[in-house]
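Chemist: what follows is a predicted protein model with its sequence.
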Amino acid sequence: MSINHIITVVVALAVAAGCEKKTATVPLPSPSPVRFGTDKMPLNTPAYTPAPEDTSPEGFSWVHRDFALIFSGAVYEHNFKGHVKGGRMIERKAKLEAYAGTLRKITRAGFQKWKLQHRTAFLINAYTAHLLLASIDKKFNGLDDSLLKRPGTVLMFGRKYSLEGFIRDEIAGAGKEDPRVFLALHCFSDGCPEYRNSIFNFKNLDGMLNSGVYRFFSDNDKNYYDVKTGRFRVSPYIKKYRRFFPAGDAALKEWIGPYLQHRKDIGGALAGGKLKWVF
């Protein structure tokens, strides 16, 4: 065998060996088992991390995510009415108490440094959370406005309040800036605002307040329009907080008017100046 033939054979073998090495299969690692919780969601998914702009300097979530999760599936709206699934909310009592605990950690000094929209959403949610806790204590039976007078229902800013006291001493400040706030506070008399199916936060505050006023004045059970007489009886709830709304009947009519224009039963009388207001 000539030397040239030997060299050709060696080179061919080397090339073949190189090709075999390149095409060799590499065993893949076995997939890690995925663990599931009771809600069938993977337990090893990344934890929720709020954006810096959604968190107060104290570490409080300004989007109130924990409260939103408590609300989900437990509070709903139908025909301008708000409804709570009492049994489901009772099951979530521990989570609701934990959320209330985060509210109590906020000091007045820290709170006063927040922007108005952060403070307003915080106060509305605090009221609603404590109203729900008080309702849970009664198993959602026999609820009336006497519950708002119960001492010590709210513990915040180092003080104890009834729900009425919390409105008077804390929420009224935000209400002076924007009377729509009072129409976000549920109570139990016929003319009271209803629960909403969502919580408030600084991002949705204006939209939630505005839609809440529309819903309130759309409810003919609360604000009754008599088609025969043309009389429109405004809910007595407005009278309760009258001093926070525009002064004088003319100014109040002007404030309420835009929220009535969509009502088919009232719109014509309102536009024609024939609506007979009763406060």
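Modeler: Received the coordinates, thanks.
Chemist: what about Ile106, neighbour count?
Modeler: Ile106 has 17 neighbours, counted by other C-beta atoms under 10 Å. (Glycine included, C-beta is placed from N, CA and C.)
Chemist: isn't it right up against Ser61?
Modeler: No - the criterion here is C-beta atoms under 8 Å, and Ile106 misses it with Ser61 at 11.3 Å.
Chemist: need the strands for this structure, in chain order.
Modeler: For the chain, the strands defined by DSSP state E occupy 75-78, 81-84, 154-156, 159-161, 224-226, 231-233, 276-278.
Chemist: most packed of those?
Modeler: Ranked by mean neighbour count under mean count of other C-beta atoms under 10 Å, those are led by strand 154-156, which reaches a mean of 21.
Chemist: residues contacting it, please?
Modeler: Residues outside strand 154-156 that contact it (C-beta atoms under 8 Å, 6 or more residues apart in numbering) are 103-104, 106, 126-127, 130, 160-163, 165-166, 170.
Chemist: list buried residues within those.
Modeler: 103, 106, 126-127, 130, 161-163, 165-166, 170 (16 or more other C-beta atoms under 10 Å).
Chemist: just the closest of these to Gln112, please.
Modeler: Nearest to Gln112 among those: Ile106, at 10.2 Å, using C-beta to C-beta.
Chemist: and the closest one, what does it touch?
Modeler: 56, 58, 60, 122, 156-157.
Chemist: for Pro151, same thing?
Modeler: Per C-beta under 8 Å, 6+ apart, neighbours of Pro151: 160, 162.
Chemist: can you pick out the most distant pair from the buried ones among the contacts of strand 154-156?
Modeler: Ile106 and Ser162 (19.7 Å).
Chemist: of the buried ones among the contacts of strand 154-156, which belong to helices?
Modeler: Secondary structure from DSSP state H places 103, 126-127, 130, 163, 165-166 of the buried ones among the contacts of strand 154-156 in helices.
Chemist: endpoint to endpoint, stretch 255-262 covers what distance?
Modeler: Stretch 255-262 has an end-to-end distance of 15 Å (C-alpha to C-alpha, to the nearest Å).
Chemist: alpha carbons of stretch 150-170, as CSV, please.
Modeler: Only the C-alpha atoms of stretch 150-170 are listed here, as CSV (Å, rounded to 0.1, in the frame of the first residue of the first chain):
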residue,chain,number,x,y,z
ARG,A,150,-71.1,50.1,67.8
PRO,A,151,-68.1,51.4,69.8
GLY,A,152,-64.6,50.2,69.0
THR,A,153,-65.4,48.7,65.6
VAL,A,154,-62.5,50.4,63.9
LEU,A,155,-59.0,50.4,65.4
MET,A,156,-56.7,52.7,63.4
PHE,A,157,-54.2,55.6,64.0
GLY,A,158,-54.0,54.5,67.6
ARG,A,159,-57.7,55.2,68.2
LYS,A,160,-60.9,53.3,68.5
TYR,A,161,-63.9,54.4,66.5
SER,A,162,-67.5,53.4,65.7
LEU,A,163,-68.1,53.3,62.0
GLU,A,164,-70.0,56.6,62.3
GLY,A,165,-67.2,58.1,64.3
PHE,A,166,-64.7,57.0,61.6
ILE,A,167,-66.7,58.7,58.9
ARG,A,168,-67.0,61.9,61.1
ASP,A,169,-63.4,62.1,62.2
GLU,A,170,-61.5,60.6,59.3
